[in-house]
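Engineer: Need the 3D shape of this:
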Amino acid sequence: MYLFHGLNCSEAFILVVMAYDRYVAICRPLHYPVLMTPQTNAMLAASAWLTALLLPIPAVVQTSQMAFGPVAQVYHCFCDHLAVVQASCSDTTAQTFMGFCIAMVVSFLPLLLVLLSYARILASVLHISSREGRSKAFSTCSSHLLVVGTYYSSIAIAYVAYRADLPLDFHIMGNVVFAILTPVLNPLIYTLRNKDVKAAITKIIF
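Structural biologist: Numbering: from 1, shown residues only. Just a heads-up that it's a prediction; the model follows:
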C-alpha cells in the first residue's frame, strides 16, 4: 500500500515540477539557464520525491493498527487504501476521512498548480506575434500536457466509478486504468517526441 500510494504521489508532484519547468522555459526564456540550474532541478525533484514518500505514512501506519477478522478479504487487484480500510472490522470513519484529505492534496493541489502554470504559459504564447513561435511553444508543452490529461482523466474515472455507487468491478477497473494504463502510456508519449524514434517509426511504416 505504501509503495503504491507513495509512487503515485511522486508522479503527481513531478508533473508539477515539469509544469514549472515549462513555465520558466516559455515565459522567462532568458532567465531559464539561471533559474533552472542542475542544482535547482535536483532540489525540485528531491522535494517532490520526499514529500510524496512522506505523505502516505500516517494513513498506512493507522491502517496497519486497525482490527481485521481472521479472514480479511480485500476486494481489489492491489492494496488500495480504501479497499483495505473497508475490509476492517474497526470504525472506518477517521481512516476514510484521512484518505480523502490525502487524495485531495495529491490530486487537486497539483492539478491547480499545473493549471496555473499553463494559464501563464497560454497568456505568454498568445503574445507571440509569429505563428512559428507559437507553434514551437505549444510543441514544447504537448507531451507534458498529454501526460497530465491522461493522468487526471484516469483519476476522474476511478473517482467517478467509486462515487457513482457503481458495482465494485467498475471501481476496480477504474483503478486499473489509473494504476497501470497511464504509467504504460507515459514512456510512449515522451518517446514519440524524440526525432530519432519518429524517424525509425516512419522508416518501419513506409
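Engineer: quick one: the helices in the protein?
Structural biologist: 2-27, 32-35, 38-54, 57-64, 81-86, 93-126, 131-163, 168-176, 182-191, 195-205 (DSSP state H).
Engineer: Any stretches of this structure with poor pLDDT?
Structural biologist: 157-166, 192-194 (pLDDT under 70).
Engineer: quick one on the thing from earlier: closest to Val74 out of the helices of the chain?
Structural biologist: Ranking the helices of the chain by proximity to Val74 (Cβ to Cβ) places helix 81-86 first, at 5.1 Å. Quick note: C-beta positions are derived from backbone N, CA and C, even for glycine.
Engineer: packing partners for the closest one?
Structural biologist: helix 57-64, helix 93-126 (3 or more Cβ pairs under 8 Å, 6 or more residues apart in numbering; DSSP states H and E).
Engineer: Now tabulate those helices in JSON lines and tack on distance to Ala83.
Structural biologist: Formatted as JSON lines, those follow (distance: least, Cβ to Cβ, whole Å):
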{"stretch": "helix 57-64", "distance to Ala83": "11"}
{"stretch": "helix 93-126", "distance to Ala83": "10"}
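Engineer: Now render the helices of the chain as TSV, adding mean neighbour count and distance to Ala72.
Structural biologist: Below are the helices of the chain laid out as TSV (neighbours: other Cβ atoms under 10 Å; distance: least, Cβ to Cβ, whole Å):
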stretch	mean neighbour count	distance to Ala72
helix 2-27	19	18
helix 32-35	12	50
helix 38-54	13	26
helix 57-64	15	12
helix 81-86	20	8
helix 93-126	16	14
helix 131-163	16	20
helix 168-176	17	16
helix 182-191	14	28
helix 195-205	9	46
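Engineer: Can you lay out those helices as TSV showing distance to Pro70?
Structural biologist: Formatted as TSV, the helices of the chain follow (distance: least, Cβ to Cβ, whole Å):
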stretch	distance to Pro70
helix 2-27	24
helix 32-35	57
helix 38-54	33
helix 57-64	17
helix 81-86	16
helix 93-126	20
helix 131-163	28
helix 168-176	22
helix 182-191	35
helix 195-205	53
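Engineer: For Ala87, find the nearest of the helices and strands packed on helix 81-86.
Structural biologist: Here helix 57-64 is closest among the helices and strands packed on helix 81-86 (Cβ to Cβ), at 10.1 Å.
Engineer: Show me the contact partners of that closest one.
Structural biologist: Met1, Tyr2, His5, His81, Val84, Val85, Ser88, Ala94, Gln95, Met98, Gly99, Ile102 (Cβ atoms under 8 Å, 6 or more residues apart in numbering).
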